[in-house]
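Asks: I would like to see how this sequence folds:
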Amino acid sequence: MIETIVLDIGETLVRDDRYWAAWADWIGVPRHTLAALVGAVVTQGGDPADALRMLKPGMDVREAHLAREASGRGEHLDETDLYDDVRPALGGLRGLGVRVVVAGNQTARAGELLRGLDLPADLVATSGEWGVDKPQPGFYAKVLEASGSAPHETVYVGDHPVNDLFPAKAAGLRVAHLRRGPWGHWWADDPKVVAAADWRIDSLTQLTAIVSEEASGSSAPARPALRSVTESD
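Replies: Now for the predicted structure:
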């Protein structure tokens, strides 16, 4: 059975549009330019922050982040940043008695902002608060600690294979790969993703069906998708 579901943050619960747009405005480049470079960097296996350094060679991203905060132009999240299925899905999971944890690679400030949205979750935590980032094994040790359940009773949901899918699987968790955002779409049909994912989904609302099927013992074998990732909601 599934006792705990842990969800990534960026491009799983929250759109990244505002985050990268704010950075583009801060360094004075067109938003499309930075967005395109972020995509190019990540699909080549790089750190998204490298896109900032490409545009501003020698840039200290941490110092720039602090400068943004000090100027009043720091991180911001509100209800409009959430994907439409977030509240229905999380609320539905809790209604089934599942423990819901939100945990992703975000700053401590992002954690504060997310908790301020009063999501239907039992815990919201970030890598900045835990002091360890994905895909490091230490992050997933923290995930299991927060889960309070055995690895095979815990599902990690995320869009990025390298940060979410593969390290969570290596930690013994079951995983649902979400076809959302640039990374989720880019790697949706990658053979390694297809082989590793216990489920491949295109909406968070599918998670309630997964939990119900597991509880009834009628779920299909773990590898296939709950439904085709090419179907629309």
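Asks: in the chain, which spans are helices?
Replies: 17-27, 31-43, 49-55, 61-70, 86-95, 108-116, 127-130, 137-147, 166-170, 181-186, 191-196, 206-216 (DSSP state H).
Asks: of those, which is nearest Leu7?
Replies: Leu7 lies closest, by CB to CB, to one member of the helices of the chain: helix 86-95, at 7.8 Å. (C-beta placed from N, C-alpha, C; glycine too.)
Asks: any buried residues in that closest one, and which?
Replies: By neighbour count on 16 or more other CB atoms under 10 Å, the buried set for helix 86-95 is 86-87, 89-90, 92-93.
Asks: nearest to Pro191, of those?
Replies: Of these, the one sitting nearest to Pro191 (CB to CB) turns out to be Ala89, at 27.7 Å.
Asks: test my guess that the closest one contacts Thr208.
Replies: Yes - under the contact definition of CB atoms under 8 Å, Ala89 touches Thr208, with a separation of 6.9 Å.
Asks: isn't His177 up against Val162?
Replies: No - here His177 lies out of contact with Val162, judged by CB under 8 Å, at a distance of 11.8 Å.
Asks: more crowded one of those two?
Replies: His177 (28 against 13; other CB atoms under 10 Å).
Asks: how much space between the residue lying closest to that one once chain neighbours are set aside and Ser203?
Replies: The shortest distance from His177 to any non-neighbouring residue, by CB to CB, 6 or more residues apart in numbering, is to Ala197 (4.2 Å). Here the distance between Ala197 and Ser203 works out to 15 Å (CB to CB, to the nearest Å).
Asks: more neighbours: which of the two?
Replies: Ala197 (24 against 19).
Asks: how much space between the more buried one and Gly74?
Replies: Ala197 is 35 Å from Gly74, by CB to CB.
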